[in-house]
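J.: A structural model of the following input is requested.
(2 chains)
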Amino acid sequence: MARVVVDVMLKPEILDPQGQAVANALPRLGISDVSSVRIGRRIEIEFTGAADPERVREIADKLLANPVIEDFVIQEVDEPAAVPAGDPS
Amino acid sequence: MTARVGVVTFPGSLDDGDAARAVRVAGGEAVRLWHGDADLHGVDAVVLPGGFSYGDYLRTGAIARFAPVMESIIDGARGGLPVLGICNGFQILCEAHLLPGALTRNSHLHFRNRDQWLRVHAASTAWTNSFEADQEILVPLKSGEGRYVADAATLDELAATGRIVATYLRGNPNGSERDIAGVTNEAGNVVGLMPHPEHAIEALTGPSLDGLGFFTSILKHLAGAPA
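T.: Okay, the predicted model is just below:
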């Protein structure tokens, strides 16, 4: 069973108003040394068998990302699903 | 013979009923099409209505673009079938690469719901031939992801080839590049428009009757088109 992670980010030249809104909220937490925040999407895919890199690429290019406005990075990972940070168990 | 204009219903479509009504008020026959049925039932043109198909999951229009009905519409559009995408329909047409560019979150992050003045530039498409060039019209706008973006080369080409169908007047409501509210493909059969002409066809419910022009245009286009 293969696990693949696809990270999708808006291209650098595309305005990210969500990221800007988060950046503008940071001073309310007393944080003043952040110059930019950009928000993307992380997609985890589990295959029943091995992951064919070409097919993963097709999934990312055709559906997960819109190449007109977004870039994507594909990573194959072996570790089990991450435990959320801060989880005491 | 009365022109038959298909109106697609996706899970989450909202304005399919109004779009079908606008077709009827203009004098056409509205044919309801279902997202899961690849059969276009012999319609002469198609409207992709507004709404939130598939809950806007992933990106607006991204999942609808792979619906069985869309495979037939994409094939048809490449062969000259007139297609009008309104709001979510515009987003679907961009995701299907039938129109250039993409629609992204409004720059101010707010959902914008208001009556919006537009200038119709391209008055020669299948969906705009009832308008005069540079005519100003008033139709409702209601969208959270209506900001049209494309790279500079694409925007220059759209402007140079007269493919910007409409621009926002008296204030850009969402940060769209070059105030773009609608664009068309090279052949002029596929048009995407962010505001909602189907809500401006009757004095009782709309701010004007200006929206009706899109629906009378397609009937005029089909009446003149060779069989």
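J.: list the residues that contact the nearest residue to residue B:162 once chain neighbours are set aside.
T.: Closest residue to residue B:162 apart from its sequence neighbours, by Cβ to Cβ, 6 or more residues apart in numbering or on different chains: residue B:122 at 5.4 Å. (C-beta placed from N, C-alpha, C; glycine too.) Residue B:122 makes contact with B:128, B:162, B:163, B:164, B:165, B:166, B:184, B:188, according to Cβ atoms under 8 Å, 6 or more residues apart in numbering or on different chains.
J.: give the buried residues for the strand or helix carrying residue A:8.
T.: Residue A:8 is part of strand A:3-10 when elements are defined by DSSP states H and E. By neighbour count on 16 or more other Cβ atoms under 10 Å in any protein chain shown, the buried set for strand A:3-10 is A:3, A:4, A:6, A:7, A:8, A:9, A:10.
J.: and if you look at stretch B:90-105?
T.: Those would be B:90-96, B:98-105, for stretch B:90-105 by 16+ other Cβ under 10 Å.
J.: tell me the helix or strand right after the strand holding residue A:8.
T.: Using DSSP H and E, the helix or strand that follows strand A:3-10 in sequence is helix A:17-25.
J.: how far does that next one sit from the chain's center?
T.: Computed by Cα atoms, centre = their mean, to the nearest Å, the chain-centroid distance of helix A:17-25 equals 17 Å.
J.: circling back: filter the contacts of residue B:122 down to the buried ones.
T.: In the contacts of residue B:122, the ones that pass as buried (16+ other Cβ under 10 Å) are B:128, B:163, B:164, B:165, B:166, B:184, B:188.
J.: can you count the residues close to the closest residue to the fourth one other than its chain neighbours?
T.: Taking Cβ to Cβ, 6+ apart as the measure, residue B:165 lies nearest to residue B:182, with 3.8 Å between them; neighbours along the chain are not counted. The burial metric for residue B:182, expressed as a neighbour count using other Cβ atoms under 10 Å in any protein chain shown, is 31.
J.: check which residues of the strand or helix carrying residue A:59 are buried.
T.: Taking DSSP H and E as the definition, residue A:59 sits inside helix A:53-59. Of the residues in helix A:53-59, A:56, A:59 count as buried by neighbour count, 16+ other Cβ under 10 Å.
J.: tell me which helix or strand comes right after it.
T.: That would be, after helix A:53-59 and using DSSP H and E, strand A:70-77.
J.: in that following strand, what counts as buried?
T.: A:70, A:72, A:74.
J.: next one: stretch B:169-182
T.: Within stretch B:169-182, judged by 16+ other Cβ under 10 Å, the buried ones are B:172, B:173, B:174, B:175, B:176, B:177, B:179, B:180, B:181, B:182.
J.: what residues does it touch?
T.: Contacts of stretch B:169-182 (Cβ under 8 Å, 6+ apart): A:15, A:17, B:90, B:101, B:106-108, B:112, B:114, B:116-119, B:136, B:141, B:143, B:146-150, B:155, B:158-159, B:164-168, B:191-195.
J.: try it again at 7 Å.
T.: For stretch B:169-182, contacts defined as Cβ atoms under 7 Å, 6 or more residues apart in numbering or on different chains pick out B:106-107, B:112, B:114, B:116-119, B:136, B:141, B:143, B:146-150, B:155, B:164-168, B:191-195.
J.: cool, thanks, talk later.
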